[in-house]
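1. Could you work out the structure for the sequence below:
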Amino acid sequence: MGTDPIITDEPITREQSPATQNQPGWGAPASLQSRLWKHAQFASKLEGEKRDLIVYVPPGYDAEAGRRYPVLYMKDGQNLFDPETSFIRGNHWRMGETADELTLSGQIEPLIIVGRSE
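-> Presented below is the predicted three-dimensional model:
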């Protein structure tokens, strides 16, 4: 497998997303941290191993319960959103901030990003 992100055209709804299961107090749309959900040691049937997943949902996600979203799957999930978990501490890829900016400016449609930690 290459290092390029994998994009799927099979969107999911909020009800289908594991990010909303067993999660109290869905956060405010403007808060990036409240829209990131960690799934520690998520078991993969395809790979036969467990990896941490970080799921980003776009601003306004909780307000549109029936909406379907495209999903972007990324490797190196530890580098995507949090400077404290990135390989080079303090130097993360700012995926959440960038996705928020592009979505709110209308340059891209809202999407869900799933980061798989290595």
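2. quick one: residue 38 and residue 53 touch, right?
-> Yes: counting by Cβ atoms under 8 Å, residue 53 is a contact partner of residue 38 at 7.3 Å. Where C-beta positions appear, they are placed from N, C-alpha and C, glycine not excepted.
3. More neighbours: the two, which one.
-> Remark: of residue 38 and residue 53, residue 53 carries more neighbours, 20 against 16, as counted by other Cβ atoms under 10 Å.
4. give me phi/psi at that one?
-> When read as degrees, to the nearest 10, the backbone of residue 53 gives phi -120, psi 140.
5. Am I right that it is in contact with residue 117?
-> Yes: the criterion here is Cβ under 8 Å, and residue 53 meets it with residue 117 at 7.3 Å.
6. intersection of neighbour lists for those two?
-> Taking Cβ atoms under 8 Å, 6 or more residues apart in numbering as the contact rule, residue 53 and residue 117 both touch residue 77.
7. Which parts of the protein are helices?
-> Counting by DSSP state H, the segments of the chain that form helices are 95-104.
8. What residue in it is the furthest from its centre?
-> Here the chain reaches farthest from its C-alpha mean at residue 48, the gap being 21.7 Å by Cα atoms, centre = their mean.
9. Could you check how far that residue is from residue 65?
-> To residue 65, residue 48 is 34 Å away according to Cβ to Cβ, to the nearest Å.
10. out of everything not next to it in sequence, what's closest to residue 84?
-> Nearest residue to residue 84 in three dimensions, chain neighbours excluded: residue 90, at 7.9 Å (Cβ to Cβ, 6 or more residues apart in numbering).
11. Hmm, that neighbour is touching residue 79, no?
-> No: under the criterion of Cβ under 8 Å, residue 90 is not in contact with residue 79, lying 11.4 Å apart.
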